[in-house]
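Engineer: Show me how the following folds:
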Amino acid sequence: MTTDALPSSAPAPRSLDDALALMRDLRARCDWDRVQTHDSLRPYLIEEAHEVDEAIAHGDDALLRDELGDLLLQVLFHSVVAEERGAFGAQDVAGALVAKMHARHPHLYGDGIKRSWEAMKVAKTKRSSLEEGIPAGMPSLHRAHRLQDRAAGVGFDWPDARGPLDKVREEIEEVAELIDEAGGVRDGDALEAELGDLLFAVVNLCRKTGVHGALALDRTNAKFVRRYAAMEVIAAARGQVLTTMSLEEQDVVWDEVKRAEKR
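Structural biologist: The predicted model follows:
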């Protein structure tokens, strides 16, 4: 569902009704589109969501515009498939969205009183568990953030960032106890559990300071890739191969790259 080349200029103006009419036409006349089902479309929906996220990370407006169009195609595709089954249609999807947004913002569209969304959700849905409704396949960092959000929404939260910061320090000490003086692991299973606690505590610190852990990690991943590539360039310029250098030599180049970035 991606294109090899992106147009540099904006396409001719079209409405959502035009897009919906196109989707219905494709279902009627295109052999591939006609046979698709909700299940067969699942991989494309996930792929398009990731491509939208990547376009945002790149800061490319033309790419973002086109990727949002691909994601919209998936929304309309599923809506038309459901319409053909007599389940619901695109107008019902829009209606559900408007109703949900009104319910989530009573201070704007209701009685004027601002409430915690998680608290309202609990009162309305009567969840059987904290995780009910959170997709099982959600990436772990996102899942941890959502679980903590839900708990915070009903009052189970630190009053400020000092609490989760202290918790991170506590978890680091518990991890350290499982590493012996030679750098070996005393108990692998226990270490995995404690490292999980440490990661969860770091996500909570991120959340409490207004940072999303997954976005912070994405940023650091990109920084590491950038710096490692710079190390390879420096090594090659000196007639060396980074992978054959000692750790001490690599550390010298790493520090050099960091200093250059700061300048």
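Engineer: after the helix or strand of the chain with the lowest mean pLDDT comes which helix or strand?
Structural biologist: The weakest-scoring helix or strand in the chain, judged by mean pLDDT, DSSP states H and E, is helix 117-125 (a mean of 67). Next along the chain after helix 117-125, taking DSSP states H and E as the criterion, comes helix 140-153.
Engineer: and that following helix, average pLDDT?
Structural biologist: The average pLDDT within helix 140-153 is 93.
Engineer: With stretch 159-173 instead?
Structural biologist: For stretch 159-173, mean pLDDT is 98.
Engineer: Would you indicate which residues of that stretch are buried?
Structural biologist: 164, 165, 167, 168, 171 (16 or more other CB atoms under 10 Å). All C-beta spots, glycine's among them, are computed from the backbone N, C-alpha and C.
Engineer: shaky segments in the stretch 1-150 of the chain?
Structural biologist: Scanning the stretch 1-150 of the chain for pLDDT under 70 picks out the ranges 1-9, 117-119, 121-125.
Engineer: Helices along that one, start to end?
Structural biologist: All helices of the stretch 1-150 of the chain, identified by DSSP state H, counting those that start in this stretch, fall at 16-29, 31-34, 38-58, 61-85, 90-104, 106-109, 117-125, 140-153.
Engineer: for those, which one sits closest to residue 237?
Structural biologist: The minimum distance between residue 237 and the helices of the stretch 1-150 of the chain falls on helix 38-58, with 28.0 Å, by CB to CB.
Engineer: which strands and helices sit next to that closest one?
Structural biologist: Helix 38-58 makes packing contacts with helix 61-85 when contacts are defined by 3 or more CB pairs under 8 Å, 6 or more residues apart in numbering; DSSP states H and E.
Engineer: Can you check what angle separates the helix it packs on from helix 38-58?
Structural biologist: 160 degrees (axes from the mean of the first three to the mean of the last three CA atoms, to 10 degrees).
Engineer: which phi and psi does residue 132 have?
Structural biologist: phi -60, psi 130 (degrees, to the nearest 10).
Engineer: ok so, going back, may I see the buried residues of stretch 159-173 arranged in JSON lines, with secondary structure as well?
Structural biologist: Below are the buried residues of stretch 159-173 laid out as JSON lines (DSSP: H, G, I helix; E, B strand; the rest coil):
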{"residue": "164", "secondary structure": "helix"}
{"residue": "165", "secondary structure": "helix"}
{"residue": "167", "secondary structure": "helix"}
{"residue": "168", "secondary structure": "helix"}
{"residue": "171", "secondary structure": "helix"}
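Engineer: Put together a markdown table for those, with distance to residue 131 on each row.
Structural biologist: A markdown table is the format used below for the buried residues of stretch 159-173 (distance: CB to CB, whole Å):
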| residue | distance to residue 131 |
| --- | --- |
| 164 | 20 |
| 165 | 26 |
| 167 | 21 |
| 168 | 23 |
| 171 | 22 |
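Engineer: Could you work out the most separated pair of the residues you listed?
Structural biologist: Between any two of these (CB to CB), the greatest distance is 11.0 Å, for 165 and 171.
Engineer: first vs last residue of stretch 83-96, how far apart are they?
Structural biologist: 15 Å (CA to CA, to the nearest Å).
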